[in-house]
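Asker: Whatever this is, show me its structure:
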Amino acid sequence: MQLYVGILAAMLVFGVVARPIVETLVPDLSVIGIRVVLNWLFVALVVGLVAWLGWWRKVRLTAPIASGGRRYLLVLAALLLVPVGVTLALTPAPFAVPEFTILDGQPLSTAGVIVLVVVGFALGAAVSEELLYRGVVLRSFESRGRIPAALAASFLFGASHLSQLVVGVPLSEVLLVSVLSGVSGIGLAAVAFRLGTLWPLVGWHFLQNSFPAFLTAEAMAVFVPVNIAVVLGVAILGTWLLWTDRNIRGVDGEILADAPTQPDGGEIKP
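Answerer: Residues are numbered from 1 along each chain as shown. From the prediction side, this is the model:
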C-alpha cells in the first residue's frame with residue numbers, strides 16, 4: 001500500500017511541476033513538443049522505478065506466454081481490430097495526417113508527424129503505462145488477490161489520464177479518456193493475469209495509441225462509440241475472469257495463470 005500511495009503522490013507532483021519546468025528550460029516548445037517531453041520523462045521515471053525496485057522479473061515484461069494463455073490474445077486483437085475494422089468499413093476517407101509542430105512556428109513534414117506520433121507518443125506511453133499499471137501496481141497487489149490488484153491498477157490507470165489537463169486537453173475529452181481507461185483497465189488486468197506476461201499488452205497499447213492520431217473527424221465519430229462498446233465488453237469479460245480467479249494469490253511475485261482449483265474454488269497448492 002505504501003508503494004501505491006507513493007506512486008499516486010509522485011504522479012500528482014509530476015503533473016503539477018513537470019510542465020512549468022519544461023516550459024522554463026525550453027521556452028520555444030509547442031504544446032505538442034511539451035507533451036512529447038513529458039511523455040518521455042514519465043517513461044524515464046517508470047523505468048527508473050522498476051530498476052530501483054529490482055522488479056524486472058516480477059513485472060514479467062518479457063516472460064513467455066503462460067500455458068493456456070494464448071487464447072487471451074484474441075481479447076487484445078478484438079480491442080484493436082473491431083473498432084478499426086468498423087471505422088474503415090463505414091468511413092470513405094478515414095485517414096489524414098495532422099499538422100504538428102515541436103517548436104512554435106515550425107510545422108513538421110509528413111514523415112516527421114508519423115515519427116512524432118509513433119515514437120514520441122505511442123511507444124513511450126505503451127512502455128511506461130504497461131510497466132507501471134499492469135506491471136508494478138498489479139504485481140504489488142497480487143498477494144492480496146486478483147480483484148484488489150485489478151481495481152488498484154485500473155483506478156490509477158484511469159486517474160493518470162487526468163494529467164492531460166495540464167497540456168491543454170479539453171476537460172470533456174480528458175474525463176472520457178480517464179473513465180474509459182479505468183474501465184478498460186479491469187479487462188486488461190484480467191488479460192495480463194491470464195497471459196502471464198506483459199509484452200503483448202505493450203504491443204497492443206502501442207498500436208492502439210498510434211492509429212487514432214491519423215483519423216479524420218468523420219472517422220473518429222465512428223471509432224469512438226465502437227471503441228466504447230468494445231471496451232465495455234472486455235471489461236465485462238475481465239470482471240468475470242477476475243471473479244473466477246478470485247482465490248488465486250501470487251507467490252513470490254510469480255503469476256499463477258489458469259491455476260488449477262479445488263471443487264470449492266480454492267487454489268491447489270503444490
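Asker: Dump stretch 217-224 to CSV, restricted to CA.
Answerer: Provided in CSV are the C-alpha atoms of stretch 217-224 (Å, rounded to 0.1, in the frame of the first residue of the first chain):
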residue,chain,number,x,y,z
ALA,A,217,-13.1,13.9,-37.6
GLU,A,218,-15.6,11.8,-39.5
ALA,A,219,-13.8,8.6,-38.8
MET,A,220,-13.4,9.5,-35.1
ALA,A,221,-17.2,9.9,-34.9
VAL,A,222,-17.4,6.2,-35.8
PHE,A,223,-14.3,5.0,-34.0
VAL,A,224,-15.1,6.4,-30.5
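Asker: Please tell me how far the residue nearest to Tyr72 when sequence neighbours are not counted sits from Leu81.
Answerer: Among residues not flanking Tyr72 along the chain, Arg194 sits closest, at 4.5 Å (CB to CB, 6 or more residues apart in numbering). Just so you know, the C-beta spots here come from the backbone N, C-alpha and C atoms, and that holds for glycine as well. As judged by CB to CB, to the nearest Å, Arg194 and Leu81 stand 19 Å apart.
Asker: Neighbour count for those two, which is higher?
Answerer: Each of Arg194 and Leu81 has its neighbours counted (other CB atoms under 10 Å); Arg194 has more, 25 against 13.
Asker: Need the pLDDT of that one.
Answerer: The model reports Arg194 with a pLDDT of 95.
Asker: For it, pull up the helix or strand it's in.
Answerer: Using DSSP states H and E, Arg194 falls within helix 171-195.
Asker: and the nearest residue to Leu241 once chain neighbours are set aside, how many neighbours does it have?
Answerer: Excluding the flanking residues, the one nearest Leu241 by CB to CB, 6+ apart is Ala190, at 4.0 Å. Other residues lying near Ala190 total 27 when counted by other CB under 10 Å.
Asker: what's the spacing between Ala190 and Glu129?
Answerer: Distance of Ala190 to Glu129, given as CB to CB: 17 Å.
Asker: quick revisit: my read: the residue nearest to Leu241 touches Ala235, true?
Answerer: No - if you go by CB atoms under 8 Å, Ala190 and Ala235 don't touch, sitting 9.1 Å apart.
Asker: any residues in contact with both of these two?
Answerer: Counting by CB atoms under 8 Å, 6 or more residues apart in numbering, Ala190 and Ala235 have no common neighbour.
Asker: For Leu116, see how far away the residue nearest to Tyr72 is.
Answerer: 34 Å.
Asker: same thing with Arg70?
Answerer: If you measure Arg70 against Leu116 using CB to CB, the figure is 34 Å.
Asker: can you check Gln2 too?
Answerer: Taken as CB to CB, the span from Gln2 to Leu116 is 37 Å.
Asker: between those two, which one's more packed in?
Answerer: Neighbour tally, Gln2 and Leu116, criterion other CB under 10 Å: the higher count belongs to Leu116, 21 against 7.
Asker: That one belongs to a strand?
Answerer: No - per DSSP: H, G, I helix; E, B strand; the rest coil, Leu116 lies outside any strand segment and is helix.
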